[in-house]
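kindly return the folded structure for what I paste below:
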Amino acid sequence: MVDCDVHDMDRTREEILQQREKYKKLFESTAALLFRHDPVGIAFENNKNEYLPEAGTILPRLENCRSEGDVLPIVYEEFLHWFGNSAGPRERYVEIASEIWDLWDSYRGDGSPPS
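Numbering: from 1, shown residues only. Take a look at the predicted model:
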């Protein structure tokens, strides 16, 4: 297993914002994907930015991932971190992880996620 599941709790707000700029389109696509799936039931029409924090903590952890299977533990751990038991079962995140992997794989290939 690739070591891609270390949660960095010591990053400053400035470091997080710099990381988000690096991944701007990927970040926006990931947040939109999470909003669309809404795994914890918090997405409503008027709060499109609801999953920005989760996208911001998932993306930096993907750097060393080599497969879709490496992404699922990261996504689930981050949702547990943000929502505790309200995150629900790991199985809820299988499709989300697959789609995030597709975005990530595309981003690594040409520098931008698919539209």
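
C-alpha from now on. contacts and neighbour counts both.
Will do.

so where's this protein shaky on pLDDT?
Within the chain, the segments meeting pLDDT under 70 span 1-11, 19-22, 110-115.

could I get the full set of strands for it?
Assigned by DSSP state E, the chain shows no strands.

what segments of it are helices?
Taking DSSP state H as the criterion, the chain contains helices spanning 13-22, 24-37, 52-58, 68-83, 94-110.

out of these, which gets nearest to N46?
Closest to N46 of the helices of the chain, according to C-alpha to C-alpha: helix 24-37, at 11.4 Å.

report all helices and strands that that closest one contacts.
helix 52-58, helix 94-110 (3 or more C-alpha pairs under 8 Å, 6 or more residues apart in numbering; DSSP states H and E).

swap in 6 Å and give it another go.
helix 52-58 (3 or more C-alpha pairs under 6 Å, 6 or more residues apart in numbering; DSSP states H and E).

so which elements touch the helix it packs on?
helix 24-37.

list the buried ones in the helix it packs on?
24-35 (16 or more other C-alpha atoms under 10 Å).

from these, which single one is nearest G88?
L34 (14.5 Å).

just give the closest residue to that closest one, not the sequence neighbours.
Take L34 and drop its neighbours on the chain: the residue closest to it by C-alpha to C-alpha, 6 or more residues apart in numbering is Y51, 6.2 Å away.
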